[in-house]
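>>> Quick one: sequence and predicted model below, then my questions.
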Amino acid sequence: MLIVQNLTKIFKDTTAVDNITFSISPGKIFGLLGPNGAGKTTTIRTVLNIIKPTSGFIRFDDKPINKDFFNLIGYLPEERGLYKKSKVINTIIYFAGLKNLDKKVAFDESIKWLKKLEIEKFKDKKIEELSKGNQQKVQFITAIIHNPKLLILDEPFSGFDPINQQLIKEILISFVNSGKIIMLSTHQMDTAEKLCSDILLMNKGKDVCSGSLSKIKKKFGTNNIKIEFSGDISFLNSHPSIIHIDSYSNYAEIQLRDDVYPADFLRSVVNRVNVTHFSVIEPTLNKIFIDAIKQNIN
Amino acid sequence: MKKALIVAKWEFYEKVFTKTFLISLILTPTIIITFAILPTLLSNQEDNSIKTIGVVDTSGTYFNPMRNSIEKYKLNNGQPNYLLINLAGTQKNLSEIKKKSDEEALSGKLEGYLLILNGGTDSVKIEYRSKNAGNFKDLNKLEESFNLARIETKLSKEGTNPSIMKYISNKIEVKPIKIEKSGEGSKSDFLILFFTSFVFIILLMMMILSSGGMLIRSLVEEKSNRLIEILVSSCTPNELLAGKVLGLSSLGLAQVLIWTIMGIVLAGTSLVPMYVFNNILPIFGYFALGFIFYTSIFVGIGSIVSTEQEAQQITSYLSLIIMLPIVVAIPAIQNPDSLMVHIFSYIPFTIPAIMILRLNIGPIPLWEIFSSTVIMIGSIHLSISISGKIFKIGILSYGKRPSLKELINWLKEK
């Protein structure tokens, strides 16, 4: 269990993190979301014990974080890059060694993971000889080789093709099932929506909204529908039941007034346009993100 | 400390097998030997053809005796080095002779000519006029021959006994001997001292600069791709710093060790004379201390820059400090007991180079070796703790380089 309580970090005259509180239980993926400059990286750095918080505390498994904590965490920073001139296998073993992993074990584990990520044949190549995607795989391995209890991943999917994204997702899910704690920072809302059970949305260092994703969805749940059609729907732009409409060439996402029943709305349009699909939708995390940040700014 | 060793091993092994390292291993001694030997070779090069020198002496006093006295300079093949021609034979106007002779010197018919004024009196003056007036070897020989001729002319005029004349003209040279143990001595030579000392100092400077540059570049790289964050989430900044200093220092010392072995193999040959190894152990010690001291400074400075350009700028400032001992090397050899040399023996930045220099010049009192070593160890301790504080914050700061005020604040932080 990772507990972060009333975390505040002030740099000279800017408050990068302002009284943030959250906790992550084993077997959960926690999404740390927010626009650029929201304070996510600073939050991550304080959890990593790289920088000291101005106030507040962080506890892991009921103990304050200290030197022993180093070997329990794995970290994948957003900016990627390894020692270009070094060999793949040496690099992995070096980072494993820094996490106190025995050399022999480190070697066996490296081979296991290189096989799993389908890059074993590159083990004696220099990093710079690998493609960007394969370099990212090597870096992913360096973050997880020591079987960390807490895994902090910053944009883990960027730079991967869809097949490899799927591969990484599967590995992450297997980690969660084995009881690891994963903290995920990303701008890919659809990925966060699929993987995270809890989120913290930050803006300008502050907690904008946090908690379990399903509760947040309910809270932000408005009267939303999706309609697919053929024909002209421009008449909807001035429809009295509609608060907001995002219309595309053959479908539209519509937010209805709270007192309007979706079924009544459907009845009012079927006569004027050919409806091929109709559904009531939950707000996407993407929409929650944008709305929450906008509200926060206002 | 275990993690510091892991970092040190990594820094060592990843760099020891690189091309850059292997090239510098071979290239550095080659360059230094070239630098050390080339000037000596060039200045010792003998003339291989007879030089024609004109003499304008309207008094007609010196031409013949000088022709005799200059005969002792011979070329390797036994022929005379100089051929003297009397240009004042056909009594013309002096300014005309001068004009004609200048033309001949410029056209290359003459190597140059001696213009003797007020000949035969006590206020005699002489000029050597030549296209190449900077040739100090010619100048020395001509001067000596002329003076000999002048003295002989005067003495024979006074009717002096020829044996006394010979006695007077016989010059005795002072031979410098370096005392190592009482009663024993070896021939010492300014040039030899200069070059052996210089070889070690330049070696030290070049290694500090090249490995310091390497260190800063690798830090900039680690900062720009955030590897540094992975590293400090795996070990403390102090462990990382200690590992880097240790790894790079071992790398530098390994390099010196290989050079020493190369030197021992070549010892006694003309390339590497034996006396280079006279003080190898203390030299090695100062080398190590200097190297660790500067490396720990480089780590601190390297952590505050975030681009390659900034790194180069800072390295060039540092090179100036590092080059300082070379500037004082020549006066130090000429006067090893001067106040300046003693002052520099107490400043950590210059101790290694000055001490290496002094070890070559002559024995150093034991207490001075002791005091300089203590100063160096203390300074290394201090520079590591200052660098450590800067490093801790510097490696996580990106963008603008911190101001001096900010740096001082970093030092105050716990």
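Done, it's in.
>>> and the longest helix for the chain?
Because you didn't say which chain, this covers chain A. helix A:162-177 (DSSP state H).
>>> Can you look at chain B instead?
Using DSSP H to define each element, chain B has its longest helix at helix B:190-224.
>>> hmm, that one in reach of chain A?
Yes. In terms of Cβ under 8 Å from any Cβ of the partner chain, part of helix B:190-224 sits within range of chain A, namely B:E221, B:S224. Where you see a C-beta, it was placed from the backbone N, CA and C, and this is true even at glycine.
>>> Next: stretch B:297-305.
No. Using Cβ under 8 Å from any Cβ, stretch B:297-305 stays clear of chain A, coming no nearer than 13.8 Å.
>>> quick check, distance from stretch B:116-132 to the centre of its chain.
The gap between where stretch B:116-132 is centred and where its chain is centred comes out at 37 Å by Cα atoms, centre = their mean, to the nearest Å.
>>> Now that stretch: average pLDDT?
Across stretch B:116-132, the average pLDDT comes to 82.
>>> Now do it: everything it contacts.
B:55-62, B:101-102, B:105-106, B:108, B:111-115, B:138-139, B:142, B:146, B:150 (Cβ atoms under 8 Å, 6 or more residues apart in numbering or on different chains).
>>> Could you say whether the nearest residue in space to B:A332 that is not next to it in sequence sits in a helix, a strand or coil?
Closest residue in space to B:A332, ignoring its immediate chain neighbours: B:V341 at 4.7 Å, by Cβ to Cβ, 6 or more residues apart in numbering or on different chains. Secondary structure for B:V341, judged by DSSP: H, G, I helix; E, B strand; the rest coil, is helix.
>>> my guess is B:V341 contacts B:M355, does it?
No. The pair B:V341 / B:M355 is not scored as a contact, 10.3 Å apart, by Cβ atoms under 8 Å.
>>> of those two, who's got more company?
A count of neighbours by other Cβ atoms under 10 Å in any protein chain shown puts B:M355 above the other of B:V341 and B:M355, at 27 against 21.
>>> and the more buried one, what element?
According to DSSP states H and E, B:M355 maps onto helix B:351-361.
>>> right, and the helix or strand after that helix?
Downstream of helix B:351-361, the first helix or strand assigned by DSSP H and E is helix B:366-394.
>>> Would you indicate which residues of the helix or strand that comes right after that following helix are buried?
For helix B:366-394, the succeeding helix or strand toward the C-terminus, using DSSP H and E, is helix B:404-412. If you call a residue buried by 16 or more other Cβ atoms under 10 Å in any protein chain shown, then helix B:404-412 has these buried ones: B:L407, B:W410.
>>> is helix B:404-412 up against chain A anywhere?
No. Figure legend: helix B:404-412 not in contact with chain A (Cβ under 8 Å from any Cβ); closest approach 9.0 Å.
>>> how far off helix B:366-394 does that helix point, in degrees?
Going by axes from the mean of the first three to the mean of the last three Cα atoms, to 10 degrees, helix B:404-412 is angled at 100 degrees with respect to helix B:366-394.
>>> what sits against whichever residue of the stretch 301-414 of chain B sits closest to chain A?
Going by Cβ to the nearest Cβ, chain A is nearest to B:L396 of the stretch 301-414 of chain B, at 6.5 Å. With contact taken as Cβ under 8 Å, 6+ apart, B:L396 is in contact with A:R45, A:I50, A:I51, B:I228, B:E229, B:V232.
>>> do that again at 10 Å, thanks
A:R45, A:I50, A:I51, B:K223, B:R226, B:I228, B:E229, B:V232, B:P237, B:S303 (Cβ atoms under 10 Å, 6 or more residues apart in numbering or on different chains).
>>> What's the end-to-end length of stretch A:151-165?
Taking Cα to Cα, to the nearest Å as the measure, stretch A:151-165 stretches 17 Å from start to finish.
>>> and it, how far out from the chain's middle?
Remark: stretch A:151-165 is offset 10 Å from the chain centroid, using Cα atoms, centre = their mean.
>>> quick one: the helices in chain A?
A:40-47, A:88-98, A:103-116, A:132-144, A:162-177, A:189-195, A:213-220, A:262-270, A:285-297.
>>> What's the per-residue pLDDT of the residue lying closest to A:G179 once chain neighbours are set aside here?
If the residues on either side of it in the chain are set aside, A:G179 comes closest to A:P26, at 4.5 Å by Cβ to Cβ, 6+ apart. pLDDT for A:P26: 93.
>>> quick one, what contacts A:P26?
In this structure, A:P26 makes contact with A:M1, A:L2, A:D61, A:K149, A:L150, A:V176, A:S178, A:G179, A:K180, A:I181, A:I182, judged by Cβ under 10 Å, 6+ apart.
>>> pLDDT weak spots in chain B?
Residue ranges of chain B with pLDDT under 70: B:36-47, B:89-92, B:133-134, B:176, B:178-196, B:267-278, B:399, B:414.
>>> Chain B: strands as residue ranges?
Shown for chain B, the strands assigned by DSSP state E span residues B:51-57, B:82-86, B:112-117, B:125-130, B:177-179, B:185-187.
>>> Dump the ones you listed into CSV; add mean neighbour count and distance to A:F107 as well.
Converted to CSV, the strands of chain B look like this (neighbours: other Cβ atoms under 10 Å in any protein chain shown; distance: least, Cβ to Cβ, whole Å):
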stretch, mean neighbour count, distance to A:F107
strand B:51-57, 22, 75
strand B:82-86, 18, 78
strand B:112-117, 22, 77
strand B:125-130, 16, 75
strand B:177-179, 14, 57
strand B:185-187, 11, 57
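>>> Any chance of TSV for these, columns distance to A:L195?
TSV is the format used below for these (distance: least, Cβ to Cβ, whole Å):
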stretch	distance to A:L195
strand B:51-57	91
strand B:82-86	95
strand B:112-117	91
strand B:125-130	89
strand B:177-179	78
strand B:185-187	79
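>>> Which of those sits closest to A:F157?
Smallest distance to A:F157 across the strands of chain B (Cβ to Cβ): 72.4 Å, for strand B:177-179.
>>> nearest residue to residue 29 other than its sequence neighbours?
No chain in the question, so chain A it is. Spatial nearest neighbour of A:I29, chain neighbours left out: A:I182 (4.5 Å); criterion: Cβ to Cβ, 6+ apart.
>>> could you do chain B instead?
That would be B:W259: by Cβ to Cβ, 6+ apart, it lies 5.8 Å from B:P29.
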